[in-house]
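1. A structural model of the following input is requested.
(2 chains)
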2 protein chains.
Amino acid sequence: MREFALIDRLKTRLASRRTDTRLGIGDDAALIAPAAGEELAITTDTLIAGRHFPSDTPAFDIGYKAIAVNLSDLAAMGADPAWVTLALAAPELDESWCDAFLDGACAAMGDDPIDIIGGDTTRGDLSITVTAIGRLPVGSALRRSGAQPGDVIAVTGTLGDAAHGLDCWDERAQANADETFCIERLARPRWRNGAALRALAHAAIDISDGLVADLGHVLAASGVGARVNVDALPVSPALAGCVDTAQMRACQLGGGDDYELCITLAPGDLERAQAALDCPLTVIGEVEAEAGLRLVDAAGRPFAWAGAAGWDHFPDA
Amino acid sequence: MREFALIDRLKTRLASRRTDTRLGIGDDAALIAPAAGEELAITTDTLIAGRHFPSDTPAFDIGYKAIAVNLSDLAAMGADPAWVTLALAAPELDESWCDAFLDGACAAMGDDPIDIIGGDTTRGDLSITVTAIGRLPVGSALRRSGAQPGDVIAVTGTLGDAAHGLDCWDERAQANADETFCIERLARPRWRNGAALRALAHAAIDISDGLVADLGHVLAASGVGARVNVDALPVSPALAGCVDTAQMRACQLGGGDDYELCITLAPGDLERAQAALDCPLTVIGEVEAEAGLRLVDAAGRPFAWAGAAGWDHFPDA
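-> Now for the predicted structure:
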């Protein structure tokens, strides 16, 4: 498929869902018309084959994940996703591959009013850079820096599935139902409805590098510490059915790629936050004035964990 | 250099120049606050080593070009550039390489009030994806589709330099002054002040793929044709001093990478447009109702040119 044919394909397949999109793909730039009183949240993430997803990932899942991880960043700001641009580098543009890739991208957007307004395709090793733009009322963004001592810490959904899914990836043809659940969590992470938490959470982040690493970013930005009960970390029946407790804790504390939200909020707002979401929201600890992250078990005993403190793309440099 | 160290470096080096940037690099997303009555123009372009720039291009020039080509797209919409995000994939992050890369990026922004609000770094083959966001009054964008029969066609600056610069690249250590000029035009293309043409031009595009290809996009989008006098194409003394007439025409008609603007406008607005720019604006032809692009010489005779119709990243597919 030729480059301009792909752009035509994008234009044809992606009818605009938004009246504030004034011009989509096909000119030197797209045009959008933000409303008065709105701020825009803007994030950009690159996914590279063999690094952010296994090289043999199906095109559908690559398209899905490229969109989902960026929408998850918007969710972590409390923004309503509205627009994305999609820059694709690929060794070749096979028509069926592109269709599956776009099918996945559209599946990640679901029925939400999100427009793909920019596209760039070029020949190169497979990588995708998405920029996502979300809307939110002025001053309402959920920043990492808002955590306060006395806040409870809560996470959406379940933790650790995607990390185990990666462990199972190479043997996925023989995976049982529990393992398949974890693999699907890795391949097609769901982005959460962070916009629903806008007036409730004090701080938020999405868990892409692992709970310890990402909660650590919140604590550092807020100048606070925390105590987390590892026995309270939400676990899926699938993960609990696949691995022993030590492996489970490693996946929950250090595994990225679940794209759940980790938030802090006043204890009195917990029920409203739970009611605002279409997924579980589980309290896992509390924010404390003393710096540092203290992992404990249900009995309050220190929990020793020797995992890495986060994912760094250049750890050796 | 570790990934987070690079992000810290970006944050430290890039003090905000804009009061409508509410949050820069370092959270899940940046926050901007567009003014009422503004539309935003959004463009994204990926540059890949060995494809969009020679693999042995200095880091400064890579940073420069990644920013400049995106700002050029905004210029072609008539937008005032305001924000950019920068996604860098590199085999390793060497500190001096990163500094030079950022020096180049900053040089391309010049003194304009532009903020780098997002950054992503990952390990991979060298590629850079920039998303640029510009501001413009509602309804004032310069689209490709606005050309009208009777318009004159004009281009900024000079054409063909960068194409010859690429021809000279491998022997650049022995380049004479004229060749060095052309090489510098390739390495550090200047983006033009398209915002100054907002109330004047009917249609605009930036010349990244070659005049014939890019003017062709304008004609197709506008449903018109054109006559272009190849003897009127502006040429730099440097290019004229390096090559014969046949080579010169090939560079001017088919060479991309100059990032000059090609606009159409009413003949009566030409002088005002020329006065609004800080570079030459040269009339090269006129828009006609009859479809197709007719190349002629100064005497009006058809000019035969067998060059390719544009740059396609997937020509064989």
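2. For the rest of this, base every contact and every neighbour count on C-alpha atoms.
-> Will do.
3. Pull out the buried residues from stretch A:105-122.
-> Neighbour counts over stretch A:105-122 (16 or more other CA atoms under 10 Å in any protein chain shown) mark A:105-109, A:114-122 as buried.
4. Just put those residues in JSON lines and tack on pLDDT, distance to chain B and secondary structure.
-> Below are the buried residues of stretch A:105-122 laid out as JSON lines (pLDDT from 0 to 100; distance: CA to the nearest CA, whole Å; DSSP: H, G, I helix; E, B strand; the rest coil):
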{"residue": "A:Ala105", "pLDDT": "94", "distance to chain B": "17", "secondary structure": "helix"}
{"residue": "A:Cys106", "pLDDT": "93", "distance to chain B": "19", "secondary structure": "helix"}
{"residue": "A:Ala107", "pLDDT": "95", "distance to chain B": "22", "secondary structure": "helix"}
{"residue": "A:Ala108", "pLDDT": "97", "distance to chain B": "19", "secondary structure": "helix"}
{"residue": "A:Met109", "pLDDT": "95", "distance to chain B": "18", "secondary structure": "helix"}
{"residue": "A:Ile114", "pLDDT": "96", "distance to chain B": "15", "secondary structure": "coil"}
{"residue": "A:Asp115", "pLDDT": "95", "distance to chain B": "13", "secondary structure": "strand"}
{"residue": "A:Ile116", "pLDDT": "94", "distance to chain B": "11", "secondary structure": "strand"}
{"residue": "A:Ile117", "pLDDT": "94", "distance to chain B": "8", "secondary structure": "strand"}
{"residue": "A:Gly118", "pLDDT": "89", "distance to chain B": "6", "secondary structure": "strand"}
{"residue": "A:Gly119", "pLDDT": "82", "distance to chain B": "7", "secondary structure": "strand"}
{"residue": "A:Asp120", "pLDDT": "84", "distance to chain B": "6", "secondary structure": "strand"}
{"residue": "A:Thr121", "pLDDT": "86", "distance to chain B": "8", "secondary structure": "strand"}
{"residue": "A:Thr122", "pLDDT": "86", "distance to chain B": "5", "secondary structure": "strand"}
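5. ok, and what's touching stretch A:51-67?
-> For stretch A:51-67, contacts defined as CA atoms under 8 Å, 6 or more residues apart in numbering or on different chains pick out A:45-47, A:49, A:97-98, A:100-109, A:128-130, A:187-189, B:123.
6. Selection in ChimeraX covering whichever of those are buried, please.
-> Those of these that count as buried under 16+ other CA under 10 Å are selected in ChimeraX with:
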select /A:45,46,47,49,98,100,101,102,103,104,105,106,107,108,109,128,129,130,187,188,189 /B:123
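7. Kindly reformat the buried residues of stretch A:105-122 as a markdown table containing distance to B:His217.
-> Formatted as a markdown table, the buried residues of stretch A:105-122 follow (distance: CA to CA, whole Å):
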| residue | distance to B:His217 |
| --- | --- |
| A:Ala105 | 28 |
| A:Cys106 | 28 |
| A:Ala107 | 32 |
| A:Ala108 | 32 |
| A:Met109 | 30 |
| A:Ile114 | 27 |
| A:Asp115 | 23 |
| A:Ile116 | 21 |
| A:Ile117 | 18 |
| A:Gly118 | 17 |
| A:Gly119 | 16 |
| A:Asp120 | 16 |
| A:Thr121 | 17 |
| A:Thr122 | 19 |
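8. wait, which of those residues is closest to A:Asn193?
-> A:Asn193 has its nearest neighbour among the buried residues of stretch A:105-122 in A:Met109, at 12.1 Å by CA to CA.
9. quick one, what contacts the closest one?
-> Listed by CA under 8 Å, 6+ apart, the contact set of A:Met109 reads A:Ile67, A:Ala68.
10. Roughly how far does it sit from A:Ser96?
-> Distance, A:Met109 to A:Ser96, by CA to CA, to the nearest Å: 20 Å.
11. what mean pLDDT does the top helix by length along chain A have?
-> Determined from DSSP state H, the single longest helix within chain A is helix A:59-77. For helix A:59-77, the mean pLDDT works out to 97.
12. The helix or strand that it is followed by vs helix A:59-77, what angle?
-> Sequence-wise, the next helix or strand downstream of helix A:59-77 (DSSP states H and E) is strand A:80-90. Strand A:80-90 and helix A:59-77 meet at an angle of 140 degrees, taking axes from the mean of the first three to the mean of the last three CA atoms, to 10 degrees as the criterion.
13. Show me the contact partners of strand A:80-90.
-> Strand A:80-90 is contacted by residues A:71, A:74-75, A:113-136, A:195, B:43-46, B:129 when judged by CA under 8 Å, 6+ apart.
14. any idea how far the residue nearest to A:Ala49 when sequence neighbours are not counted is from chain B?
-> Closest residue to A:Ala49 apart from its sequence neighbours, by CA to CA, 6 or more residues apart in numbering or on different chains: A:Ser55 at 5.0 Å. According to CA to the nearest CA, to the nearest Å, A:Ser55 stands 13 Å off from chain B.
15. Same check on A:Thr19?
-> Using CA to the nearest CA, we find A:Thr19 at a distance of 13 Å from chain B.
16. A:Ile205 too?
-> A:Ile205 sits at a distance of 7 Å from chain B (criterion: CA to the nearest CA).
17. Report the secondary structure state of that residue.
-> strand (DSSP: H, G, I helix; E, B strand; the rest coil).
18. So what's the residue count around it?
-> Here the number of neighbours of A:Ile205 (other CA atoms under 10 Å in any protein chain shown) works out to 30.
19. what do you get for the one 3 residues further on?
-> Using other CA under 10 Å, A:Ser208 has 21 neighbouring residues.
20. and if you look at the one 10 residues further on?
-> By the criterion of other CA under 10 Å, A:Val218 has 24 neighbours.
21. List the residues that contact it.
-> A:Arg144, A:Ser145, A:Ala147, A:Ala203, A:Ala204, A:Ile205.
22. Which two of these have the greatest separation?
-> Largest separation among those by CA to CA: A:Ala147 and A:Ile205, giving 11.0 Å.
23. and the stretch 151-300 of chain A, which of its residues are near chain B?
-> A:Ile205, A:Asp206 (CA under 8 Å from any CA of the partner chain).
24. quick one, strands of the stretch 151-300 of chain A?
-> Taking DSSP state E, counting those that start in this stretch as the criterion, the stretch 151-300 of chain A contains strands spanning A:152-156, A:201-206, A:225-229, A:261-265, A:281-288, A:292-296.
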